[in-house]
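J.: Just need the structure, nothing else, for what follows:
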Amino acid sequence: MRISSLELQDFRNHENLSLTFNAGVTTIIGRNGRGKTNIVEAINYLATLGSHRVSNDFPLLRSGTTQAHIKSKITKDDRLATIDVEINDGKQNKVVLNGSALSRPRDILGLVHTVVFAPEDLALVKGDPGDRRKYIDDFATQMSPRIASVRSDFDKVLKQRNALLKSAGRRALSESARATLDVWTDQFISHAVNLTCARLDALTALRPFVEAHGDAISANTEDLRITYSSKWLVDVDGDIESQIREALVTRFQDEIDRGLTLVGPHRDDLELQLAQLPAKNFASHGQSWSIALALRLATFDALRELQDDPILILDDVFAELDVRRRERLLAALNNVEQTLVTAAVAEDVPAFLLDQTIVLAD
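T.: Predicted structure coming up:
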C-alpha cells in the first residue's frame with residue numbers, strides 16, 4: 001500500500017499544498033512550525049478519521065476557516081483509489097471515494113492503513129491508561145473496521161448511563177428511574193462485552209510481535225510482556241458478560257453515590273512489564289523509548305500479516321533515539337513498500353534515507 005499524491009486545503013497551517021510520493025522512503029525536512037508533521041497527520045487521518053496528536057477535529061482547521069480537505073490517491077493491491085475527506089466545523093464530515101459520496105464517513109475505514117511512530121508515543125508507556133486504551137482500540141479498528149461502530153455505540157451508551165446516574169444523585173431511585181437505568185445498563189453491558197472482546201482479540205494478535213521486538217531491542221536481556229488489566233475482568237477466558245454484570249451489581253451503590261459508571265472497559269488498561277516490573281514505574285527514559293518502538297513495530301507486523309504493508313510513518317523520532325534504537329528501527333524498514341520520515345534537519349536522519357526528500361520552504 002502506498003500514497004502517490006496528497007493535496008491539503010486549509011488543513012492546519014497549509015492553505016494549499018500539493019505533494020507526490022514514490023514507493024520506498026521519502027523524507028520530509030522542515031524547521032519546526034513549517035508543517036511537516038501536519039502532512040503525515042493528514043495521511044494518518046485517512047486511515048483512522050482521527051489525529052494522533054489531538055482528540056477532536058477542530059485544531060485541524062486552518063485558523064479562520066470552517067472546512068478543510070484532504071485529497072489523495074492511494075494504490076492498494078495494484079488498484080488506484082481517490083479519496084477526498086472534507087472536515088467541517090460544527091457539521092458532519094464528508095468522504096468521497098472514487099467520485100462517489102459515502103453515506104457514512106467511517107465506511108472509508110479499512111481502505112488505508114498506517115502505523116505512526118512519533119514523540120507522543122512515550123505516553124504509551126508513561127502516560128494515562130487512556131493512551132494505552134486508544135492504542136489497542138485504534139489497532140482493533142484497523143484490524144476490523146466494524147469496531148469503529150462498536151466504540152461509538154459504547155461511548156454513546158456510557159454517556160447516557162452516566163447522565164442517569166448523575167441525575168439520581170444520592171437519592172433512592174424511583175421504580176421508573178430504576179427501570180430506565182436497567183435498560184441502559186443492559187445496553188451498556190452488551191457494548192462493553194463487544195469492545196472488550198475486540199481488545200482481547202487485538203491483544204492476542206499483537207502479543208507475539210510485542211514480545212519479539214522487545215527481546216530484539218534488549219538483546220534478550222529484559223523480557224517485555226503485555227497483558228490486559230481490568231479490575232472487573234478477572235478471567236479473560238471466562239464469561240465476560242457475567243463478570244461485568246456481577247461487578248456492576250457489586251458497585252451499584254457506589255455508582256449511585258458518585259453519579260458515574262465505575263465498571264467497564266472505559267476504566268481498563270494495558271499492563272506493560274519489563275523484566276517483570278511495571279514499565280510505567282520502573283522503565284528508564286531509554287527503555288520507555290524501546291517499549292514504545294516495540295509497540296509500534298508490533299502493530300506494523302500484525303497488520304502486515306493481514307494484508308499489504310501499512311504506510312509506515314516515522315514522525316520526528318530519529319533525533320530522539322540512540323544508536324542502538326536507531327539500528328533497530330532501520331532494520332524494520334527493510335522491504336517496506338512505503339515509509340514517510342519527518343525531521344527538522346537532514347542531519348537527524350541517516351544519509352541513505354535522503355534519496356527521496358521533500359524540503360519545506362522557510
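J.: mind saving the C-alpha coords of the strand or helix carrying residue 156 as CSV?
T.: Using DSSP states H and E, residue 156 sits in helix 147-168. What follows is the C-alpha trace of helix 147-168 in CSV, where atoms were taken according to Å, rounded to 0.1, in the frame of the first residue of the first chain:
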residue,chain,number,x,y,z
ILE,A,147,-15.0,-1.9,15.6
ALA,A,148,-15.4,1.8,14.9
SER,A,149,-19.2,1.5,15.4
VAL,A,150,-18.6,-0.7,18.5
ARG,A,151,-16.5,2.1,20.0
SER,A,152,-19.1,4.7,19.0
ASP,A,153,-22.0,2.8,20.4
PHE,A,154,-20.2,2.1,23.7
ASP,A,155,-19.3,5.8,24.1
LYS,A,156,-22.9,6.9,23.5
VAL,A,157,-24.4,4.4,25.9
LEU,A,158,-21.8,5.2,28.6
LYS,A,159,-22.6,8.9,28.3
GLN,A,160,-26.3,8.2,28.7
ARG,A,161,-25.8,5.9,31.6
ASN,A,162,-23.6,8.4,33.4
ALA,A,163,-26.2,11.1,32.8
LEU,A,164,-28.8,8.9,34.5
LEU,A,165,-26.6,8.1,37.4
LYS,A,166,-25.7,11.7,37.9
SER,A,167,-29.3,12.8,37.8
ALA,A,168,-30.1,10.3,40.5
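J.: what is the rounded mean pLDDT of the helix or strand just after that helix?
T.: Next in sequence after helix 147-168, counting helices and strands by DSSP H and E, comes helix 175-217. Helix 175-217 shows an average pLDDT of 93 in the prediction.
J.: Can you name the residues in contact with stretch 62-72?
T.: By CB atoms under 8 Å, 6 or more residues apart in numbering, the residues outside stretch 62-72 that reach it are 3, 5-15, 42-43, 45-46, 60-61, 82-90. Heads up, the C-betas are built off the backbone N, CA and C, glycines and all.
J.: With stretch 277-293 instead?
T.: Judged by CB under 8 Å, 6+ apart, the contacts made with stretch 277-293 from elsewhere in the structure are 117, 121-122, 124-126, 213-214, 217-218, 222, 224, 271-274, 320-322, 325, 328-329.
J.: among the residues you listed, which are in helices?
T.: When helices are assigned by DSSP state H, the members of these inside them are 124, 125, 126, 213, 214, 217, 325, 328, 329.
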